[in-house]
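*Asks:* Predicted model and sequence below, questions to follow.
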Amino acid sequence: MKNNRNGQAAILSNMEYSKIRNQIKSQKYKLLLDLAWYTGERWGALVKLQVEDVYNPDSSPREYINFRARSRKATPDGKRKTRQVPVHPILAESLLSYKIDTDLPWLFPNRAGDKPITSRWADAILRKAVDRAGLVVKGISTHSTRRTFITKLHRNGTDLYTIKQITGHQDFKSLERYVEIDSDRVKGAINAL
């Protein structure tokens with residue numbers, strides 16, 4: 001668990017996600033949280049999404065969210081890869097209900113509209129919502145949605161090769177830090193022998 005920004009980001013339950021989401025007033029930032037929850041992408045890439053990465057020219061949601069290579073974290077060798085994530089049905093509903101500004105390139109524009117919001121701005125939005133939801137002591141950060149996404153895939157039986165493909169991790173060593181395995185699962189594995 002994170003303590004004063006140190007350690008692993010907390011894994012969120014569905015109820016905690018809902019509590020946080022309910023504390024976000026703006027539809028725009030609810031969508032930001034939804035995208036984080038249903039794609040598992042880092043918030044640094046989420047804030048750099050362009051409208052055309054998410055919506056078709058007719059303003060309908062795309063079948064896949066396109067995270068451009070230049071917006072994503074580089075691997076240790078300095079390479080970046082584009083990542084495409086299928087749109088979950090609940091995320092599709094959220095995208096349909098969001099009113100996009102087709103005059104601006106950014107899905108999450110700053111107040112001037114000339115750039116996307118910053119990661120710091122997104123982090124502040126999340127922290128305020130976490131505080132209002134009464135969940136500060138949990139150690140929730142923007143990385144919590146990524147860890148939760150990966151852990152939920154693993155708990156639901158998705159094999160690590162598929163998770164690696166979905167998340168864009170280059171190797172299993174970097175992926176394994178995201179998966180949280182609870183003691184009941186360890187006991188169950190031993191009992192299954």
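*Replies:* Arrived safely, thanks for sending. No experiment lies behind these values; they were computed from the predicted model shown. Numbers count the residues shown, from 1 in each chain.
*Asks:* where does this structure have low pLDDT?
*Replies:* 1-7, 178, 181-189 (pLDDT under 70).
*Asks:* ok, which stretches of it are helices?
*Replies:* Here the chain has its helices, by DSSP state H, at 14-22, 27-39, 43-46, 51-54, 89-97, 119-132, 143-155, 160-167, 172-176, 183-191.
*Asks:* can you redo the ones you listed as a markdown table with distance to residue 105 and mean neighbour count?
*Replies:* Every residue, glycine included, has its C-beta placed from N, CA and C. Converted to a markdown table, these look like this (distance: least, C-beta to C-beta, whole Å; neighbours: other C-beta atoms under 10 Å):
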| stretch | distance to residue 105 | mean neighbour count |
| --- | --- | --- |
| helix 14-22 | 26 | 15 |
| helix 27-39 | 15 | 21 |
| helix 43-46 | 15 | 22 |
| helix 51-54 | 6 | 18 |
| helix 89-97 | 17 | 14 |
| helix 119-132 | 17 | 17 |
| helix 143-155 | 24 | 21 |
| helix 160-167 | 26 | 15 |
| helix 172-176 | 31 | 13 |
| helix 183-191 | 44 | 9 |
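*Asks:* Please name the residues that touch the residue positioned nearest the centre of the chain.
*Replies:* When C-alpha atoms, centre = their mean is applied to the chain, the residue found nearest the centroid is residue 36 (2.2 Å). Going by C-beta atoms under 8 Å, 6 or more residues apart in numbering, residue 36 touches 43, 46, 142, 145-146.
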